[in-house]
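> sequence-free structure coming up:
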């Protein structure tokens, strides 16, 4: 958050989602720290971030595009109320990548930050782009935010949580009076361009598909029809540049390739991570390639940049839900070639073509699609399943649990083997219209499920969310107890809550964990420091003591909460109330 502000509420969208990457969002928004190894290795820190964010952020993603985590973690259950899958009909996809964050300061003054990206919420290392606008409620009503308000209204329909719907409505209502700023005089104006959310929100409304003198397109995925249409809009002597992935060039004709200056990242860049690997293994190595979506169009001295989620493809501009930001750029003597030179490194004094990460493509490479076709079939089978009406019911029997899941048989692919398991644990079973997952513990219950699609030796695994009735109310408490297991961990958690600097507290506790004699425990000489922090909180930050109270109530376990601490805490709480009155 900006200095002096704290996050009030955040709304995000992504196409694909990695739950492990998502944990970084509450760390950043609600504890004000970057996603750091020290923090992620500290389960207390992660737990506190998720607790603080539970009712204060919401994320929408494409149904069937949640990655299966590398390792099961009970804290993922605490994200269920914040994640909503969006499922569209036919071949359409929910593809926008936007964050709208509302911050407030100690006086209640609000600051709104809008982030428009090409990047999904994953650990992908490809090349992306992001733009940030900030604004405050000042002056009169503005119509510029109407498309953004309509976009939020569209998202609201996919949120099944009544409280989250009300919060989205509240922010949408406030946006009529928020005036966003670019922060740079050269970016003189902007327009919000959602696509696919209703009448009037189509490519004709964007102004991109109009005549031009210069065009730069950066897109990882292409459709020949869209590239051809853009090519046909060129005025006389127009200059056109296309930057894409090498595998996509095969979709073009020889004539189109000749019409554009076409570039791709060099193989040495795409596979560069393996060149620096010391292990020689490929399991954790990731390729990097173009993933940015950017269109730079000029005509008669007018320059417009389009940034966001829409690929240069038929699905993006004629079907998907997308979000683009158009920015008007004003600078005397500007040319698109200046952007290209900077991207290629040509504006450096010691420029060497060998250091240019991009290479010119002058011939169409052969297409290799067989393996990709199978993966696409598996992906479609899971997405088709997401379109089914589905529900689940927990059945309790002598302390053990089963989950009965219902699917519409018409949405279960006949040519793909499908299996399902609870994300929290348990065995995977064949997916049928009525499927029973038996023998689960309380900690393994949740609304996230792993679906595996298989054709022969090829398989694809995804997490899907299914509304599940009958999850015991104490499930979340059990998640907390899986981390706060004993009195020492509880005291450590309290110390964490009362600290002024979360990162410093995490580093100190990491140091304690590394010390052989102490481990993670709070020894006797640490307790006076803890009590001193409680006294300081009672005087200056009584809300921190209320957070401690919330944890005590959630745990509700004398074996974890030391009786002497409970007694002392009650004394501090009474003192706070006395000071307040």
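Okay, I see it. Because the structure is a prediction, the values reported are computed rather than measured. Numbering: from 1, shown residues only.
> Name the next helix or strand downstream of whichever helix or strand residue 376 is part of, please.
Following DSSP states H and E, the helix or strand that holds residue 376 is helix 370-386. Reading on from helix 370-386 to the C-terminus, the next helix or strand found by DSSP H and E is strand 390-397.
> Which positions within that following strand qualify as buried?
390, 392, 394 (16 or more other Cβ atoms under 10 Å). The way it works is simple: take the backbone N, C-alpha and C, and place the C-beta from them, glycine included.
> what lines up beside it in the sheet?
Applying DSSP bridges to the sheet, strand 390-397 is found paired with strand 400-407 (antiparallel), strand 468-469 (parallel).
> Do you have the strands of the stretch 401-550 of the chain handy? List them.
Under the criterion DSSP state E, counting those that start in this stretch, the stretch 401-550 of the chain contains strands at 417-422, 425-430, 434-440, 448-455, 458-465, 468-469.
> For these, could you give me a markdown table that also reports mean neighbour count, distance to residue 379 and mean pLDDT?
Conversion of these to a markdown table gives the following (neighbours: other Cβ atoms under 10 Å; distance: least, Cβ to Cβ, whole Å; pLDDT from 0 to 100):
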| stretch | mean neighbour count | distance to residue 379 | mean pLDDT |
| --- | --- | --- | --- |
| strand 417-422 | 19 | 13 | 98 |
| strand 425-430 | 14 | 19 | 94 |
| strand 434-440 | 16 | 21 | 96 |
| strand 448-455 | 20 | 8 | 97 |
| strand 458-465 | 19 | 6 | 97 |
| strand 468-469 | 16 | 24 | 97 |
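> Show me the shaky parts of the stretch 351-500 of the chain.
Of all residues in the stretch 351-500 of the chain, those with pLDDT under 70 make up the ranges 368-372, 500.
> leaving aside the residues next to it on the chain, what's closest to residue 533?
residue 498 (4.1 Å; Cβ to Cβ, 6 or more residues apart in numbering).
> hang on, the one you found packs against residue 538?
No: here residue 498 lies out of contact with residue 538, judged by Cβ atoms under 8 Å, at a distance of 10.1 Å.
> out of the buried residues of strand 390-397, which one sits closest to residue 418?
Checking the buried residues of strand 390-397 against residue 418 by Cβ to Cβ gives residue 390 as the nearest, at 12.6 Å.
> quick one: the closest one and residue 406 touch, right?
Yes: counting by Cβ under 8 Å, residue 390 sits close enough to residue 406 to count as a contact (6.3 Å).
> if we can go back for a sec, which among the strands of the stretch 401-550 of the chain is found nearest to residue 148?
With respect to residue 148, and counting by Cβ to Cβ, the nearest of the strands of the stretch 401-550 of the chain is strand 458-465 at 25.8 Å.
> what about the strands in the stretch 1-150 of the chain?
According to DSSP E, counting those that start in this stretch, the stretch 1-150 of the chain carries its strands in the segments 5-14, 17-18, 57-62, 66-67, 83-86, 98-105, 110-117, 130-137.
> model confidence over the second one, on average?
Put plainly, it is strand 17-18. If you average the pLDDT over strand 17-18, you get 97.
> before we move on, back to that, nearest to residue 379, out of the strands of the stretch 1-150 of the chain?
The stretch from these with the least distance to residue 379 (Cβ to Cβ) is strand 57-62; that distance is 10.6 Å.
> mind checking the SS state of residue 229?
What DSSP: H, G, I helix; E, B strand; the rest coil gives for residue 229 is helix.
> Apart from its chain neighbours, what residue comes closest to it?
In space, and not counting its chain neighbours, residue 229 is closest to residue 209: 6.6 Å by Cβ to Cβ, 6+ apart.
> cool, and residue 156?
Counting by Cβ to Cβ, 6+ apart, the residue nearest residue 156 is residue 168, at 4.7 Å.
> what sits against the one you found?
The neighbours of residue 168, taking Cβ atoms under 8 Å, 6 or more residues apart in numbering as the test, are 11, 58, 152, 155, 156, 159.
> Test my guess that the third one contacts residue 172.
Yes: with contact defined as Cβ under 8 Å, residue 152 counts as touching residue 172 (4.4 Å).
> Can you redo the strands of the stretch 1-150 of the chain as a markdown table, where the extra columns are distance to residue 182 and mean neighbour count?
As requested, the strands of the stretch 1-150 of the chain are arranged in a markdown table below (distance: least, Cβ to Cβ, whole Å; neighbours: other Cβ atoms under 10 Å):
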| stretch | distance to residue 182 | mean neighbour count |
| --- | --- | --- |
| strand 5-14 | 20 | 22 |
| strand 17-18 | 29 | 22 |
| strand 57-62 | 25 | 23 |
| strand 66-67 | 33 | 22 |
| strand 83-86 | 29 | 21 |
| strand 98-105 | 16 | 20 |
| strand 110-117 | 11 | 20 |
| strand 130-137 | 6 | 16 |
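> how much space between the residue minimising distance to the centre of the chain and residue 385?
Among the residues of the chain, the one closest to the centroid is residue 121, at 3.2 Å (Cα atoms, centre = their mean). Computed as Cβ to Cβ, to the nearest Å, the residue 121 to residue 385 distance reads 22 Å.
> Report how many residues lie close to residue 409.
Applying other Cβ atoms under 10 Å, we find 11 other residues in the vicinity of residue 409.
> For it, give me its contacts.
Neighbouring residues of residue 409 by Cβ under 8 Å, 6+ apart: residue 433.
> Use 34 as the first number for this chain going forward.
Sure, I'll start numbering at 34, so the last one becomes residue 442.
> can you tell me which of the strands of the stretch 34-183 of the chain comes nearest to residue 515?
With respect to residue 515, and counting by Cβ to Cβ, the nearest of the strands of the stretch 34-183 of the chain is strand 116-119 at 20.2 Å.
> returning to what we had before: tell me who's in contact with the residue nearest to residue 566.
When contacts are counted by Cβ under 8 Å, 6+ apart, residue 531 touches 563, 566, 567, 569, 570, 577, 581.
> Which among those count as buried?
Those of the contacts of residue 531 that meet the buried threshold are 563, 566, 567, 570, 577, 581, by 16+ other Cβ under 10 Å.
> In space, what's closest to the fourth one - neighbours in sequence excluded?
Think residue 570. Of all residues apart from its sequence neighbours, residue 577 sits closest to residue 570 (Cβ to Cβ, 6+ apart), at 4.3 Å.
> Quick check: that neighbour touching residue 583?
No: when contacts are counted by Cβ under 8 Å, residue 577 is not listed as touching residue 583 (10.7 Å).
> Tell me how many other residues crowd residue 387.
Residue 387: 7 surrounding residues under other Cβ under 10 Å.
> ignore the last one, residue 597
Other residues near residue 597 come to 10 when the count uses other Cβ under 10 Å.
> same thing with residue 388?
A count of nearby residues for residue 388, using other Cβ under 10 Å, gives 11.
> which residues does residue 349 contact?
Residues in contact with residue 349 (Cβ under 8 Å, 6+ apart) are 128, 228, 259, 342, 343, 355.
> circling back: could I get the strands of the stretch 434-583 of the chain in CSV, plus columns for distance to residue 212?
Formatted as CSV, the entries for those read as follows, by distance: least, Cβ to Cβ, whole Å:
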stretch, distance to residue 212
strand 450-455, 47
strand 458-463, 50
strand 467-473, 51
strand 481-488, 39
strand 491-498, 36
strand 501-502, 43
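> The ones you listed: which one's closest to residue 222?
strand 491-498 (39.1 Å).
> what's the angle from that closest one to strand 423-430?
Calculated by axes from the mean of the first three to the mean of the last three Cα atoms, to 10 degrees, strand 491-498 forms an angle of 80 degrees with strand 423-430.
> Strand 491-498 packs against which elements?
Based on contacts counted as 3 or more Cβ pairs under 8 Å, 6 or more residues apart in numbering; DSSP states H and E, the elements that strand 491-498 packs against are strand 99-100, strand 116-119, helix 403-419, strand 481-488.
> Redo those as CSV? Include distance to residue 377.
Putting these into CSV (distance: least, Cβ to Cβ, whole Å) gives the following:
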stretch, distance to residue 377
strand 99-100, 33
strand 116-119, 37
helix 403-419, 29
strand 481-488, 41
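> Nearest to residue 397, out of these?
Of the helices and strands packed on strand 491-498, the one closest to residue 397 (Cβ to Cβ) turns out to be helix 403-419, at 17.3 Å.
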